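Coordinates only, no sequence provided:
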């Protein structure tokens, strides 16, 4: 079997068409069709059913797909291990985090890193969702959720102290929420419940029963902007507020909910000097917390 054909099969399976697969692989459509035909000839079976609606895996193709995806994952591991053995202070490093941690901590760390090691090239992906480090979604992550995968390298960077914040304009207009009132008479800005279901029962220990939900946003930085513009009350780490939005007001100072911030690293690349340089820069950014 020509193993290089596998990436063509996966592209068609994931996109459902030759054209979209060709775009994702940066080749022409005829090349994708030829590769699929060769693979089906090698296996002596049809892998896809063709219709005007697109390409769908046959029953045989569906049975092969998990093994083929495992081959893809293994190839990615080999590639990362090879990269990890590269001792050069140059090359790519992929970091996953949230937009607020990225803006307030990681970008300043990367600015300092750039002065010392200009040949390290960083990709920074930000999302409230947790990426799969073991499957190569990123080389390392900075996040508040400690992973349960014991095969990852995990280090606590800091302990944050989330509190309840609003703009001064909002406080002047609506007053401070009363502890124990479950946010009666107040507007709330939140992450979607599907992203952080634990925060849809209580914020910093205060029930949400009487609050009025006015905004859900998947970006923490959008939530910060919503607080700045007086849309309501929201939960934000004191350390982020102090560094990036000190004009916000802590509306319930007695309420807090400490949360650790974790550095998570794929062990396949841990020993690479460029990874260690990035880790050192990020760790320094959190030292004064």
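Looks like it arrived, so ask away. Quick caveat: nothing in here was measured; it's all calculated off a predicted structure.

Could I get the full set of helices for this structure?
Using DSSP state H, the helices of the chain run over 6-15, 18-25, 29-43, 59-84, 99-101, 107-116, 168-174, 220-228, 238-244, 273-285.

who wins for proximity to residue 136 among the ones you listed?
helix 59-84 (4.4 Å; CB to CB). Where you see a C-beta, it was placed from the backbone N, CA and C, and this is true even at glycine.

just the angle between the closest one and helix 6-15, please?
Orientation check (axes from the mean of the first three to the mean of the last three CA atoms, to 10 degrees): helix 59-84 against helix 6-15 gives 120 degrees.

Helix 59-84 to helix 273-285, inter-axis angle?
Helix 59-84 runs at 80 degrees relative to helix 273-285, counting by the same axes, to 10 degrees.

Which strands or helices does helix 59-84 pack on?
helix 6-15 (3 or more CB pairs under 8 Å, 6 or more residues apart in numbering; DSSP states H and E).

show me what contacts the residue lying closest to residue 24 once chain neighbours are set aside?
Leaving aside its sequence neighbours, residue 24 sits nearest to residue 11 (CB to CB, 6 or more residues apart in numbering; 5.2 Å). Neighbour list for residue 11: 20-21, 24-25, 32 [criterion: CB atoms under 8 Å, 6 or more residues apart in numbering].

ok, back up a step: figure out which of the helices of the chain is closest to residue 191.
For residue 191, the closest of the helices of the chain is helix 220-228, at 7.2 Å, according to CB to CB.

what about that closest one, average pLDDT?
Regarding helix 220-228, the rounded mean pLDDT is 95.

Name the residues of it that are buried.
220-224, 226-228 (16 or more other CB atoms under 10 Å).

and which of those residues is nearest residue 184?
residue 227 (19.2 Å).

residues in contact with that closest one?
Applying CB under 8 Å, 6+ apart, the residues near residue 227 are 165-167, 170, 189, 233-234, 236, 245, 248.

With residue 120 instead?
The contact partners of residue 120, by CB under 8 Å, 6+ apart, come to 89-91, 93, 113-114, 274, 277-278.

what do you get for residue 98?
With contact taken as CB under 8 Å, 6+ apart, residue 98 is in contact with 126-128, 143-144, 220.

Pull the distance from stretch 37-52 to the chain's centre.
Relative to the centre of its chain, stretch 37-52 is centred 36 Å away, using CA atoms, centre = their mean, to the nearest Å.

If you could redo that for stretch 235-243, that was the one I meant.
For stretch 235-243, the distance to the chain centre is 20 Å (CA atoms, centre = their mean).

Could you give me the buried positions within that stretch?
235-241, 243.

Other residues contacting it?
100-101, 104-105, 158, 160-165, 199, 203-204, 220, 223-224, 227, 245, 248, 250, 256-257, 259, 289.

can you do 6 Å?
100, 104, 160-165, 203, 248, 289 (CB atoms under 6 Å, 6 or more residues apart in numbering).

Just among those residues, which is most surrounded?
Most neighbours among these, by other CB atoms under 10 Å: residue 164, with 29 neighbours.

residue boundaries of the strands in the stretch 101-250 of the chain?
For the stretch 101-250 of the chain, strands defined by DSSP state E, counting those that start in this stretch occupy the ranges 120-126, 140-143, 153-160, 162-166, 187-190, 202-203, 206-207, 212-216, 234-237, 249-250.

can you redo those strands as TSV with mean pLDDT?
Formatted as TSV, those follow (pLDDT from 0 to 100):
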stretch	mean pLDDT
strand 120-126	93
strand 140-143	94
strand 153-160	94
strand 162-166	97
strand 187-190	96
strand 202-203	94
strand 206-207	95
strand 212-216	96
strand 234-237	96
strand 249-250	97
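
how about the ones you listed, which one is nearest residue 60?
Relative to residue 60, the nearest member of the strands of the stretch 101-250 of the chain by CB to CB is strand 120-126, separated by 35.5 Å.

what pairs with the closest one, and is each one parallel or antiparallel?
Here strand 120-126 is paired, per DSSP bridges, with strand 91-97 (parallel).

Can you tell me which of the strands of the stretch 101-250 of the chain is nearest to residue 58?
Minimum separation from residue 58 across the strands of the stretch 101-250 of the chain (CB to CB) falls at strand 120-126, 34.6 Å.

Quick check: buried residues in the closest one?
120, 122, 124, 126.

Closest to residue 183 out of these?
Checking those against residue 183 by CB to CB gives residue 126 as the nearest, at 28.1 Å.

residue closest to the middle of the chain?
For the chain, residue 127 is the residue whose C-alpha lies nearest the centre (CA atoms, centre = their mean; 4.0 Å).
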